[in-house]
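*Asks:* coordinates only, no sequence provided:
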């Protein structure tokens, strides 16, 4: 996010009046996924210290974000060991002293949990490349091999099976997405789609009929290619290299003249 917050809405944190948030994302259970806060150094350090204390005295195992409509949204911390922190001093000379910007986020936002086939994604609202980002996330997380031309079918399948979903809570300029792959179920579904020719080894029509392949056809005067090398393939055919049949061998037969 940019350091300039002149056009960004700031949300107050009820338990820490000196700390303001400009973005907050939570998961289905209300657990913290991403938080961006602004405050003086002392207020930031106090807030972070209270998070590590949890339910102990003066600790925080949850906090409440006050929305611009005046509502109060609870955000649960959960296990602090899953959170990572990024901090920068954005404004060093203000009427209130040095202001710091801190990001707290679930580490799955930057590194998929491949052991459990789960990941999180944070995107700007209305991102024009959202599908590209989601597909990259799926390929980085899924233990199964996926081809690029399967993108639309696989993403639709994941959303239908609720393995890929948008997170329900987001304040500020970001939106969150959760990926939780049920590997056995996805394996079974992909196998069914492959056997029914919905998913193929090459984009359909077959790769040999692309404009590049047509342009490579011989021109008059050039060395002709065997027609069998460009035989059309049908959905469900084996898409391996074409091996032409061996040429028949003919023995030379000499015809002797009659006496």
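*Replies:* Yes, it's here. Since this is a predicted model, take the numbers as computed values, not measurements.

*Asks:* now this protein, which segments are flagged as low pLDDT?
*Replies:* Where the chain drops to pLDDT under 70, the residues are 1-7, 91-97, 204-259.

*Asks:* show me where the stretch 1-150 of the chain has strands.
*Replies:* Along the stretch 1-150 of the chain, counting by DSSP state E, counting those that start in this stretch, strands occupy 11-13, 16-26, 32-40, 62-66, 72-76, 83-91, 99-106, 118-124.

*Asks:* which one of those is the most hemmed in?
*Replies:* Mean neighbours per residue, mean count of other CB atoms under 10 Å, is largest over those for strand 32-40, with a mean of 22. Backbone N, C-alpha and C define where each C-beta goes, glycine included.

*Asks:* and it, what does it pack onto?
*Replies:* strand 16-26, helix 41-53, strand 72-76, strand 99-106, strand 118-124, strand 174-180 (3 or more CB pairs under 8 Å, 6 or more residues apart in numbering; DSSP states H and E).

*Asks:* ok and the third one relative to strand 16-26, angle-wise?
*Replies:* Interaxial angle, strand 72-76 versus strand 16-26 (axes from the mean of the first three to the mean of the last three CA atoms, to 10 degrees): 70 degrees.

*Asks:* give me the contacts around strand 72-76.
*Replies:* With contacts defined as CB atoms under 8 Å, 6 or more residues apart in numbering, strand 72-76 is touched by 14, 24, 26, 29-32, 35, 61-67, 169, 171.

*Asks:* what are the structural domain limits within the protein?
*Replies:* Domains of the chain are assigned by automatic domain parsing as 11-106, 112-195.

*Asks:* centroid-nearest residue for this protein?
*Replies:* Among the residues of the chain, residue 137 comes closest to the average C-alpha position under CA atoms, centre = their mean, at 2.3 Å.

*Asks:* surely it meets residue 119?
*Replies:* Yes. Counting by CB atoms under 8 Å, residue 119 is a contact partner of residue 137 at 5.5 Å.

*Asks:* residues shared between the contacts of the two?
*Replies:* Joint contacts of residue 137 and residue 119 (CB under 8 Å, 6+ apart) are 112, 179.

*Asks:* residue 147: what's it in contact with?
*Replies:* 199, 201.

*Asks:* possible to save the helices and strands packed on strand 32-40 as CSV with distance to residue 193?
*Replies:* Output for the helices and strands packed on strand 32-40, formatted as CSV (distance: least, CB to CB, whole Å):
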stretch, distance to residue 193
strand 16-26, 32
helix 41-53, 45
strand 72-76, 38
strand 99-106, 31
strand 118-124, 22
strand 174-180, 19
